[in-house]
Each structure stands twice: as structure tokens, then as C-alpha cells.
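>>> Fold the stuff below for me.
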Amino acid sequence: MADRRHGPHPLAHAFVPIAILTLVWGCNWPVLKIGVSEMAPLTFRSFTLPFAALGMLLVARLSGDSIAVPRAWWGRLVVLTFFNIVGWNAFMLFGVQQLPAGRSAIIAYTMPIWAMLISLGVLHEPLNRRKIFGLALGMLAMLVLLGEDIRHIRSTPTGALLILVAAILWAIGTVLLRKWQPPIAQNALSGWMMLLGWLPLGIAAPFFETHPASYLLHLSGGTWFAILYNIFLAGTVAHWAWFTLARTLPVAISSLSSLPVPVVGVISGMIVLGERPGPGEFIALALVLASLFAVLFQPSGKKPPVASEPEPY
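Sure, this is the predicted structure:
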């Protein structure tokens, strides 16, 4: 029950953004799988990033925020773009092309675990028993999934390792964002990062594209749906929901809002793609959720620091 002396629990006014975030980003894993099954991964992202970026910048302007970037911050903005957008998308897209959508979501959402580990050295945050326990659970989940891949994919677990690298790069970008605290509105910052990140991905795309450009005229309806979904829903609406949470909730609580995403990713992969996760996936999913809860949960009486960070999609 909420403490009447302090008003309702902060999540009471965040149900709609959390629901949007969970459903849109969770369902995006099978949608991404559909998109990169017909299009080269970098080509797919080259179609979606610039429009999603413009959507975020438009949201920033409509919210009354400035979209100007101080000249001294462009260098750091490029670094943040590399980790949060370029590295994340490049490794994640090639990984999800090789793995089931549900498994990809489980691995990707270990990001807060790696961010916690990296922050020990960069932000000098204290390491307590709760965080050590959470980190151990996350490592165990990765061993379960990588072990499954080694046994069943005939070769090295390339797809799982690609997603894991993507999650670690995203974690580095998140820690740097917390350390630097850019003096830029969050929606505008995300829009600029997506726009800058589109440039190297767009330049690299033709080198990974093995089909003639004319095939783009014959894309299936499912692929066009994946493109539009990643522009308007995963790229713009879900980012609006995330920043609504990040601006109005303590960072630990807003981070907890991402806990249901891999669950929805697994379930939507089963419904949309007919995936049938085995015991390894369900065990790893339970371990990841327990790990994230252990790392991010703030015991009552402790007030977490207020901060916000953009999340890749």
C-alpha cells in the first residue's frame, strides 16, 4: 500500500508509458527477425534510423525543447553515438538474423548487468552483495544460452556472441552518458544520435548487401510492416515512453520498467514466428529477470539517484 504521507507510488502515474514500452520493444524482436530475414541487416536499419531520428527531433521541438547541440559537445556526441547506436545496431541486427527472436531479447536485456559492472571502474559506484549476486545470475544465464548454442548450432555460437557484444557496447554507452550528463534535452539527444549513427550504417550497408537494389521494389508486406514499425513505434513512440519514464522516475525504477521486455520478446516470438523455446531459454529468462531485479531493485528507505539515459531499440 502506498504511503499516504508521501503520496502515491511513482509508478502509479507511469502505467501507460510502461505498457507502451513493454509491448512495443518486446514485440519488436520478432518484427526485427521478419525484417532482417528479407533485407540485409544494415540496409534494414538504414531505412528506419533517419526517419525515427527525425521523429524524435520533431517530438523534442513539439515538447518545447531546443534541438541545438553545443559546439563543445559534438565530439562526445559522436562517441555516444558509436556505442549506443552504431555498435548496438550493427552487432544486434546480425545477431538476431542468426538467433530466435526470444533468445536474442534475453541476451540483449542483460545490458543493465554489464552497465553495473562497467560503472564500478568508470563511475566508482559501490559494489554490494546484492549486485554481486545479480551479476553472478546474469553470467549463469549467459552460460546456459551459450552452452545451448555450442551443443545445437554445429559451430561456435556466433549469433549469441554478437548479441552479447551489442549489449556490452550499449552498456558502455549508457555508463558514458551517465558520466558526461550531456546538457541536451533527452529526446533531442536521442534524435541526433540516431541521425549521426545512420551515416556509417548507411555507408556500410552496400558492402553487406548481396542482392541487386531492384529487389527493394519487391519487398513483402511483412518486411514493409517491420520497416514502418521500427520507424513509428519502436523508433519514436517507444522512445517517447522511455523518456517520459526517465524524466519522471528515479533511474532505478525507470530501469525496472524494462524487465518485462524480454518476457514479451519470448512470448511474441512464439506467437508471431512459431518459435518453441526450450528449457534453456526459460531457465535463462528466469535468471536474467532475477539478475536485473537484484541489480536494479532499491530496498525501501533508500532513495536512488535521479538520472536518465536513452535506450537503443
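>>> start to end distance for stretch 90-107?
End-to-end distance of stretch 90-107 (CA to CA, to the nearest Å): 15 Å.
>>> Over to stretch 216-232?
End-to-end for stretch 216-232, by CA to CA: 20 Å.
>>> Mind listing residues that contact it?
Identification of contacts with stretch 216-232 by CB atoms under 8 Å, 6 or more residues apart in numbering yields 28, 31-32, 34-35, 37-39, 44, 47-48, 51-52, 55, 313. Where you see a C-beta, it was placed from the backbone N, CA and C, and this is true even at glycine.
>>> And stretch 79-92, by the same measure?
Contacting residues not belonging to stretch 79-92 are listed as 41-42, 45, 49, 104, 108, 162-163, 165-166, 169-170, 172-174, 176-177, 180, 182, 189, 192-194, 196-198, 200-201, 204, 310, 312 [CB under 8 Å, 6+ apart].
>>> Return the set of buried residues in whichever helix or strand Val36 is part of.
Per DSSP states H and E: Val36 is located in helix 15-38. Within helix 15-38, the residues that count as buried by 16 or more other CB atoms under 10 Å are 17-18, 20-38.
>>> same deal with stretch 117-131?
For stretch 117-131, burial by neighbour count (16+ other CB under 10 Å) applies to 117-119, 125, 131.
>>> can you count the residues close to Ala72?
Ala72 is flanked by 8 other residues according to other CB atoms under 10 Å.
>>> Need the pLDDT of it.
Per-residue pLDDT puts Ala72 at 94.
>>> And for the one 5 residues further on?
Per-residue confidence for Leu77 comes out at a pLDDT of 96.
>>> tell me the contacts of it?
Residues near Leu77 by CB under 8 Å, 6+ apart: 69, 182, 189, 192-193, 196.
>>> can you do 10 Å?
69-70, 180, 182, 184, 189, 192-193, 196 (CB atoms under 10 Å, 6 or more residues apart in numbering).
>>> The contacts of stretch 79-92 in helices, which ones?
Among the contacts of stretch 79-92, the members found in helices (DSSP state H) are 41-42, 45, 49, 104, 108, 162-163, 165-166, 169-170, 172-174, 176-177, 180, 189, 192-194, 196-198, 200-201, 204.
>>> ok so, going back, dump the contacts of Leu77 into a markdown table; add distance to Phe282 and neighbour count as well.
Listed next are the contacts of Leu77 as a markdown table, based on distance: CB to CB, whole Å; neighbours: other CB atoms under 10 Å:
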| residue | distance to Phe282 | neighbour count |
| --- | --- | --- |
| Val69 | 44 | 17 |
| Pro70 | 47 | 11 |
| Trp180 | 38 | 13 |
| Pro182 | 39 | 18 |
| Ile184 | 41 | 21 |
| Leu189 | 37 | 27 |
| Trp192 | 39 | 25 |
| Met193 | 34 | 28 |
| Leu196 | 39 | 20 |
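>>> could these be laid out in CSV, adding distance to Phe82?
Converted to CSV, these look like this (distance: CB to CB, whole Å):
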residue, distance to Phe82
Val69, 16
Pro70, 19
Trp180, 14
Pro182, 15
Ile184, 17
Leu189, 14
Trp192, 13
Met193, 9
Leu196, 9
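>>> Which member of the contacts of stretch 216-232 is positioned nearest Leu233?
Distance ranking of the contacts of stretch 216-232 against Leu233, using CB to CB, places Asn28 first at 7.5 Å.
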